[in-house]
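J.: okay, structure incoming, though there's no sequence with it:
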């Protein structure tokens with residue numbers, strides 16, 4: 001596939017986005033129902049979070065859709081946060097997210113029931129959640145409702161993988177959800193490190209050019225990174241490091257500039 005042209009923002013299909021979100025919520029619910037008592041206390045891989053806290057955070061990330069849609073819509077699209085800006089800005093609220101997840105876990109008597117309720121509530125939000133003209137007042141400086149729905153896909157896919165690695169139990173990843181997350185994170189890389197010196201390929205979902213330097217005009221570019229979708233998601237979200245990824249067969253990097261260390265992770 002040709003590399004992404006950063007002159008235009010990527011658009012996401014509302015029906016596919018919503019279908020992927022509902023499907024991934026279903027996969028998380030199925031996985032959580034099978035957890036044994038001891039598994040809730042396992043380390044999640046995130047500092048200070050056990051599996052219970054991780055699931056509580058997922059519940060909050062689903063429930064917040066209804067909360068934001070219940071607020072008066074923003075009147076103007078001027079200054080809205082786009083998906084690229086959201087991705088690189090999440091680090092600014094990491095402490096807030098950590099505290100809210102721990103508070104939610106402490107208050108949640110039955111995480112399975114809470115997840116089920118959040119899923120039922122989410123299902124009723126489709127009409128508003130996928131509108132491109134519905135402007136949310138939050139988070140950050142506000143977002144389009146559909147863009148915010150795409151961010152929920154990121155939360156669900158990333159934390160589904162966290163849950164699987166923490167428990168050793170498989171958590172299915174919806175194909176459309178993975179595709180959206182890969183593309184969002186690839187676009188955010190291109191925005192964070194603009195340029196045309198490096199081509200990053202994540203087949204079959206995305207290819208972007210990034211990093212300042214000499215621009216190739218024909219044939220194979222001199223600096224190429226290629227990896228699979230899950231490895232890319234883990235790199236972009238700090239679940240693995242560049243050196244660790246390079247030590248596996250899941251990634252290849254060629255060229256003097258094909259080192260993404262300075263730009264990773266993308267999502268804080």
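T.: Nice, thanks for sending it over. Note that the structure is predicted; figures quoted are calculated from it, not measured. Numbering: from 1, shown residues only.

J.: and residue 197, what's its pLDDT?
T.: Per-residue pLDDT puts residue 197 at 92.

J.: now swap in residue 9 and tell me
T.: We have a pLDDT of 78 for residue 9.

J.: again with the one 10 residues further on
T.: In the predicted model, residue 19 carries a pLDDT score of 98.

J.: repeat that for the one 5 residues further on.
T.: On the pLDDT scale, residue 24 is placed at 98.

J.: contact partners for it?
T.: Residue 24 makes contacts with 153, 156-157, 160, 173-174, 177, as judged by C-beta atoms under 8 Å, 6 or more residues apart in numbering. To be clear about C-beta, it is placed using only N, CA and C from the backbone, and glycine gets the same treatment.

J.: need those residues in CSV with pLDDT and secondary structure, can you?
T.: Formatted as CSV, these follow (pLDDT from 0 to 100; DSSP: H, G, I helix; E, B strand; the rest coil):
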residue, pLDDT, secondary structure
153, 98, helix
156, 98, helix
157, 98, helix
160, 98, helix
173, 98, coil
174, 98, coil
177, 98, helix
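
J.: got the contact list for residue 85?
T.: Residue 85 touches 140, 191, counting by C-beta under 8 Å, 6+ apart.

J.: poorly predicted segments of this structure, please.
T.: 1-8, 215-219 (pLDDT under 70).

J.: domain parsing for it?
T.: Following automatic domain parsing, one gets these domains for the chain: 14-177, 178-263.

J.: residue nearest the centroid of this protein?
T.: Nearest to the mean C-alpha position of the chain, counting by C-alpha atoms, centre = their mean, stands residue 154 at 2.2 Å.

J.: what helix or strand does that one sit in?
T.: Using DSSP states H and E, residue 154 sits within helix 145-167.

J.: got it, and residue 19?
T.: helix 14-33.

J.: need the next SSE after that helix, C-terminal direction.
T.: Following helix 14-33 in sequence order, the next helix or strand is helix 51-70 (DSSP H and E).

J.: now the angle from that next one to helix 145-167?
T.: Going by axes from the mean of the first three to the mean of the last three C-alpha atoms, to 10 degrees, helix 51-70 is angled at 170 degrees with respect to helix 145-167.

J.: which strands and helices lie in contact with helix 51-70?
T.: Counting contacts by 3 or more C-beta pairs under 8 Å, 6 or more residues apart in numbering; DSSP states H and E, helix 51-70 is packed against helix 14-33, helix 94-107, helix 111-123, helix 126-129, helix 145-167.

J.: which of these is buried the deepest?
T.: helix 145-167 (a mean of 22; mean count of other C-beta atoms under 10 Å).

J.: packing partners for it?
T.: Partner elements for helix 145-167 (3+ C-beta pairs under 8 Å, 6+ apart): helix 14-33, helix 51-70, helix 83-89, helix 126-129, strand 135-136, helix 175-192, helix 229-236.

J.: would you list these in TSV and tack on distance to residue 250?
T.: Listed next are the helices and strands packed on helix 145-167 as TSV, based on distance: least, C-beta to C-beta, whole Å:
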stretch	distance to residue 250
helix 14-33	22
helix 51-70	24
helix 83-89	22
helix 126-129	34
strand 135-136	36
helix 175-192	14
helix 229-236	4
